[in-house]
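**Q** make a model of this:
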Amino acid sequence: MSDAVTIDHLTVAYERRPAIQDISGLFQTGTLTAIVGPNGAGKSTLLKAIAGIVRPASGGVTFGLPRDRLAYLPQQSEIERGFPITVADAVLLGRWRRLGWHRSADGDDLERVQAALQAVGIGTLGDRLIATLSSGQFQRMLFARLIVQDSPLILLDEPFTALDEGTTADLLAILGDWHREGRTIIAVLHDIAQVRAHFPETLLLARQLIGWGPTESVLTAQHLATARATSESWDSAAAA
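**A** Numbering: from 1, shown residues only. Predicted coordinates:
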């Protein structure tokens, strides 16, 4: 396996306080990895650092593929849902690398959008405004956009939060398809049972690295207890 993403002594700080500190390791190409840890452990910060959204205070991230080929899905709370755009047009934005700012979508682009909407179970909602969608429908739309984006590296920040069981199961099935296609998938999650059931690799974080590797080896009672204790000590230091 080649290395899709390598993290080298990465530290990210906000107002000079480290959110994550001295993280090193690699995501191999074609792996399906969950990032887990206590609240405030720096999980989303790590994902944003990989995506290039936040700058490291030290260390860095390198890629085994062009960085502009990655796809990043933020938490729903970070997305403006009131923008007056239809579902189909929102999904079409996943083709922006091909279309650019001046090229119009052609029949192939529109067919790909419709196929993606069908794949995520909202094939009849293309003409709806995104503001009218439920949380589950909105997340399905975002997954459709990832489908048409067709990236080999996919970053997901809490993609199943506040979704019903049916929607979660459908989207997990899509992740499974992407994994079988050889894509590299990194997801921030909080449901440990879900991680154990569906994610072969896990990165356990508590601002610093606690464990990284096969899920059954990382999500042990001892490692989880260490993560909780480490997170609490960081909180105590911050309060002081």
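**Q** quick check: closest non-adjacent residue to the most centrally placed residue in the chain.
**A** Of all residues in the chain, the one closest to the mean position by C-alpha atoms, centre = their mean is residue 156, 1.2 Å from it. What sits nearest to residue 156 in space, not counting adjacent residues and going by C-beta to C-beta, 6 or more residues apart in numbering, is residue 187, at 4.1 Å. Any C-beta I mention is one placed from the backbone N, CA and C, and that applies to glycine too.
**Q** which ones are touching that neighbour?
**A** By C-beta atoms under 8 Å, 6 or more residues apart in numbering, the contact set of residue 187 is 33, 34, 35, 155, 156, 157, 159, 175, 199.
**Q** any low-confidence regions in the protein?
**A** 1, 97-107, 235-240 (pLDDT under 70).
**Q** just the helices in it please.
**A** Ranges of helices in the chain, per DSSP state H, are 43-51, 87-92, 96-99, 107-119, 135-149, 165-180, 192-198, 215-218, 221-239.
**Q** closest one to residue 21 among these?
**A** helix 221-239 (9.1 Å; C-beta to C-beta).
**Q** show me what the nearest residue to residue 50 once chain neighbours are set aside bridges to in the sheet.
**A** Nearest non-adjacent residue to residue 50, counting by C-beta to C-beta, 6+ apart: residue 61, 5.5 Å away. Note on residue 61: beta-bridge partners residue 7, judged by DSSP bridges.
**Q** count the residues that sit near residue 61.
**A** A count of neighbours around residue 61, defined by other C-beta atoms under 10 Å, yields 17.
**Q** spit out the contact partners of it.
**A** Applying C-beta under 8 Å, 6+ apart, the residues contacting residue 61 are 5, 6, 7, 8, 10, 49, 50, 52.
**Q** how far away is residue 182 from residue 149?
**A** Computed as C-beta to C-beta, to the nearest Å, the residue 182 to residue 149 distance reads 16 Å.
**Q** residues contacting the closest residue in space to residue 215 that isn't next to it in sequence?
**A** Closest residue to residue 215 apart from its sequence neighbours, by C-beta to C-beta, 6+ apart: residue 202 at 4.3 Å. For residue 202, the contacting residues are 33, 34, 35, 36, 195, 211, 212, 213, 214, 215, 218, 219, by C-beta under 8 Å, 6+ apart.
**Q** just the buried residues out of these, in PyMOL syntax.
**A** For the buried members of the contacts of residue 202, the matching PyMOL selection, counting by 16 or more other C-beta atoms under 10 Å, is:
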select buried, resi 33+34+35+36+195+211+212+215+218+219
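**Q** out of the contacts of residue 202, list just those in strands.
**A** If you go by DSSP state E, these have 33, 34, 35, 36, 211, 212, 213, 214 in strands.
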